[in-house]
Structure formats: C-alpha cells, structure tokens
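**Q** here is my input, please return the structure:
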Amino acid sequence: MPPPQPPAPDHWDLSPTFLQCIALVLLWTIIVAFLIKILKRWRTKGQGMVTGLGEEVRRFADWVDGYRLEDLETE
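**A** Predicted structure coming up:
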C-alpha cells in the first residue's frame, strides 16, 4: 500500500520569495537608471556642453558683457 499523499492545494502558491523581490527591485532600478541615462544624453545632444555648466558660462558671459557696456556708457 503506497504512503498517503498530502491533499492537493486548492490554488497555486504564487507568492514571491524574498530573493525574487530583491531581484525584481534591482532589475527595475537598472532599467530606470538606464532610461534616465539615455534621456539625459538625448536631451543634451548637440548642445556641446553639459547643460548646467553651459548655463553658468552663459550667465557669466552675460554679466561680463553687461559690465563692459556699463563702463562704456559712463565714460
């Protein structure tokens, strides 16, 4: 006589394990970081400078030009 079998479950056990949750979070983190990197590269493409540094250089150049114009006007 075969040993008694445990009763069959009424539903599938689809609850993820702790390691599966960590792997899923890491996978999504990598995907999102990659997409952000691509979007940043696409947005700054063709500008020739990093966006933040370019803005600072433009502001400084405007300030220098304004200062020189003020000096010329006072003389």
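
**Q** helices of the chain, residue ranges please.
**A** Taking DSSP state H as the criterion, the chain contains helices spanning 18-44, 51-74.

**Q** output the below-cut-off pLDDT ranges for this protein.
**A** Applying pLDDT under 70 to the chain flags residues 9-10, 12-14, 44-54, 64-75.

**Q** kindly recompute the last result at 50.
**A** 49 (pLDDT under 50).

**Q** if I look at residue 57, how far off is residue 63?
**A** 11 Å (CB to CB, to the nearest Å). No exception for glycine: its C-beta is placed from N, CA and C like everyone else's.

**Q** and what of residue 22?
**A** Distance, residue 22 to residue 63, by CB to CB: 50 Å.

**Q** go on, residue 25?
**A** Distance of residue 25 to residue 63, computed by CB to CB: 46 Å.

**Q** same question, residue 30
**A** Counting by CB to CB - residue 30 and residue 63 are separated by 42 Å.

**Q** one more: residue 40?
**A** Distance, residue 40 to residue 63, by CB to CB: 27 Å.

**Q** can you check residue 56 too?
**A** Taking CB to CB, one finds residue 56 at 11 Å from residue 63.

**Q** check residue 7 too.
**A** 80 Å.

**Q** and those two? which has more neighbours close in?
**A** Using other CB atoms under 10 Å, the more surrounded residue of residue 7 and residue 63 is residue 63, with 10 against 6.

**Q** what's around residue 18, how many residues?
**A** Neighbour count for residue 18, taken as other CB under 10 Å: 7.

**Q** same check on the one 4 residues further on?
**A** As a burial measure, the neighbour count of residue 22 was computed by other CB under 10 Å and equals 11.

**Q** what's the answer for residue 17, then?
**A** That count, for residue 17 with other CB under 10 Å as the rule, works out to 8.

**Q** contacting residues for it?
**A** Contact analysis of residue 17 by CB atoms under 8 Å, 6 or more residues apart in numbering lists nothing.

**Q** give me phi/psi at it?
**A** Here is the backbone geometry of residue 17 (degrees, to the nearest 10): phi -80, psi 170.
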